Structure formats: C-alpha cells, structure tokens
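In: Can you look at this prediction? I've put the sequence above it.
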Amino acid sequence: MHDSIATIDQAKNTLLDLAIRFGPRLLTALLILIVGIVVSRWFSRWLGRGLSRIELEPPVRLLLGRIAWLLSMTLFFILALQNLGVELLPLIAGLGVAGAGLALATQGVLSNIVAGLSIIFSKPFRVGEYISIVGEEGTVQSITLFNTTLGHVDRSRVVIPNRKITGEILHNFGQVRQLDVSVGVAYDSDMSEALGLIDEVLRNNSRVLSDPAPVVRTLQLGDWAVTIGVKPWVKIDDFGAATGEINRAILEVFRNRGIVMPVPQREIRLIGQGG
C-alpha cells in the first residue's frame, strides 16, 4: 500500500515538473498556431482580393491563394516547433524520406497536378470555351489541379484527368462554332436562285452571326444532285437549335420556289430479257 502511494506521488511530482517546465512552451506554441491560422486566412483573402484586379484565370487565383496560405502556415508551424525546442534538421530529413515514399505511391495524382499547372499557366483553353480532346467534346466548366470538367449539350458532364489532356491534339472552338449543312439540288435547278435563297434563310435567322460571314458554295457534282455546302457561324449555345432551324427553313423555301431536292436513284437494266 505504501509503495503504491509513493508511486502515485512520484507520478504527480513528475507531471507537475513537466507542466512547470514545458507548460508555458506548449501554451505559447498553441497560441502561435492559433495566430498563424488567423493570419494565414487573412493573408490568403487579402492576396485573393489583390489578384482579382489582375486578369487571371479563376484556377490560378485559387492556386496562388492556397499556396500563400500554406507558406504562411508553414512559417508559423516552424516557429511553434522552435518554441518547443524541437530539432528541425532531423525532422526535415524524416519528412524528405516520407515525401519520397509518398511521391512514389501517388504518381498518378502528382502527374495530374503537374498537368493541371501546365494547363492553368499555358492556357490552351479557358472556362467557357468549347473544346474537343481525347474523343470528348464540350464547354469547359472548370479547370482544377486534378481534372477538367466539360459540359455536354445533353446537360451531362465529362470529367477528364489532366494527365490525359496534356500531349494530346486539342481542338479549341472558342466561343463560336461553324455549322456544316449540305443540301442537294437537281442539275436543272437555277443555281443562282438556290444560292440566293440560302443566303436569305441565313440572314433571317437571328442565331447566325454576320461576322464571320457565312460560307455558302457549291461543293460537289454528284451522281444525282449538285451538293451545296452551307457553313454559317453561331454561338456555342445555339449550335444544335440553329442546325435544325436552317435545315427546316431551306427545305420549306425550296419547296415553295419549286427547287427540286432529288433523292438517290439507281437505274437497273436486266440483260438477256426481251421487251
């Protein structure tokens, strides 16, 4: 019984001694971290407001704000460790070894980050532009360090890892797209009238842009029809609707003016039969 009491008293004395020796340091370190959190948050927001006055992509501003927060917190964390008397050189060496192992285990993630930085700073495309890459296409909705999100006209989303984008052939349509409509007319049709009617259809469609000017020209002399190419430019959001409207308007105006749009025909002759 006496030994147990002595052990308890010794433990109390040890804890009291540790509290007296390290308590103020620990309390100071906690205060440093709390101040670091507040200052880092304020510094990140202040930097974000300053960067908003500069023409930068939203992902770039977000990245710089996070880097500023991380650097500020790292500084305060080092100050807290120094206050506790922690030797930083062995700690840095240990973190270096752990970082190397983590890098090997997360190669895919790191490659996405590197590719994301390349996309953000080289700017091959921006948010709001229509692109086609790796077999997918759509309007760029967001660009992050890890992936790029495209929005389809069917309101679905495609999330592409950034490492799949860099090094691939990219088709950037920008803010407008060119329609590719083909119309076949009979050989005995008045081509000047047909081309004029198509020009009129395009002028009357509010979705068709006047600059750049639409391209309307004869493309091919086929087996049963003369093919006319109709290639106006429209805004990205009007691409689907404009295609349907122009096809319908051309069909109606050709019918009203008597311009024939022939269907494919084949003449078959049977050899060896009389008649």
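Out: That came through, no problem.
In: Give the residue spans of this protein that score low on pLDDT.
Out: Applying pLDDT under 70 to the chain flags the ranges 1-25, 51, 54-60, 63, 83-109, 265-266, 272-275.
In: Helices along this protein, start to end?
Out: If DSSP state H is used as the criterion, the helices of the chain fall at 2-51, 58-84, 88-105, 107-122, 191-204, 239-257.
In: thinking residue 194 is in contact with residue 230, fair?
Out: No. Using C-beta atoms under 8 Å, residue 194 is not in contact with residue 230, being 10.8 Å away. From N, CA and C alone the C-beta is placed, and that goes for glycine too.
In: which neighbours do the two share?
Out: Contact criterion C-beta atoms under 8 Å, 6 or more residues apart in numbering; residues shared by residue 194 and residue 230: residue 183.
In: List the contacts of stretch 143-150.
Out: Counting by C-beta under 8 Å, 6+ apart, 57, 59, 63, 109, 112-113, 116-117, 119-120, 126-127, 131, 136-142, 157-162, 165 sit against stretch 143-150.
In: mind checking the end-to-end distance for it?
Out: Distance between the two ends of stretch 143-150: 9 Å, counting by C-alpha to C-alpha, to the nearest Å.
In: can you give me how far it is from the chain middle?
Out: 5 Å (C-alpha atoms, centre = their mean, to the nearest Å).
In: what comes up buried for that stretch?
Out: Of all the residues in stretch 143-150, those buried under the rule 16 or more other C-beta atoms under 10 Å are 143, 144, 145, 147, 148, 149, 150.
In: Can you pick out the most distant pair from those residues?
Out: Based on C-beta to C-beta, the longest span within the buried residues of stretch 143-150 runs between 145 and 150 and measures 16.8 Å.
In: Could you measure from residue 251 over to residue 173?
Out: As judged by C-beta to C-beta, to the nearest Å, residue 251 and residue 173 stand 27 Å apart.
In: Pick out whichever of these two has more residues nearby.
Out: residue 173 (16 against 13; other C-beta atoms under 10 Å).
In: contacting residues for that one?
Out: Per C-beta under 8 Å, 6+ apart, neighbours of residue 173: 129, 130, 131, 132, 236.
In: repeat for residue 174
Out: Contacts of residue 174 (C-beta under 8 Å, 6+ apart): 129, 130.
In: again, but for residue 233
Out: By C-beta under 8 Å, 6+ apart, the residues touching residue 233 are 176, 177, 178, 179, 208, 209, 212, 214.
In: Selecting buried members of those residues in ChimeraX, what would you type?
Out: Only the buried entries of the contacts of residue 233 go into this ChimeraX selection, using 16+ other C-beta under 10 Å:
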select :177,179,208,209,214
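In: just curious, which of the contacts of residue 233 is nearest to residue 256?
Out: Nearest to residue 256, judged by C-beta to C-beta, of those is residue 208 at 20.2 Å.
In: what sits against the closest one?
Out: Residue 208 touches 202, 214, 232, 233, 234, 242, 246, counting by C-beta under 8 Å, 6+ apart.
In: wouldn't the last one be in contact with residue 202 here?
Out: Yes. Counting by C-beta under 8 Å, residue 202 is a contact partner of residue 246 at 7.1 Å.
In: joint contacts of the two?
Out: Common contacts of residue 246 and residue 202 (C-beta under 8 Å, 6+ apart): 208, 230, 232.
In: can I get the residues you listed in a markdown table with distance to residue 30?
Out: Putting the shared contacts of residue 246 and residue 202 into a markdown table (distance: C-beta to C-beta, whole Å) gives the following:
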| residue | distance to residue 30 |
| --- | --- |
| 208 | 66 |
| 230 | 72 |
| 232 | 67 |
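In: Can you tell me which of those lies closest to residue 183?
Out: Using C-beta to C-beta, those come closest to residue 183 at residue 230, 6.2 Å.
In: For the closest residue to that closest one other than its chain neighbours, give its distance to residue 53.
Out: Distances taken as C-beta to C-beta, 6 or more residues apart in numbering put residue 181 closest to residue 230, at 4.1 Å, once the chain neighbours are dropped. Separation of residue 181 from residue 53 (C-beta to C-beta) stands at 45 Å.
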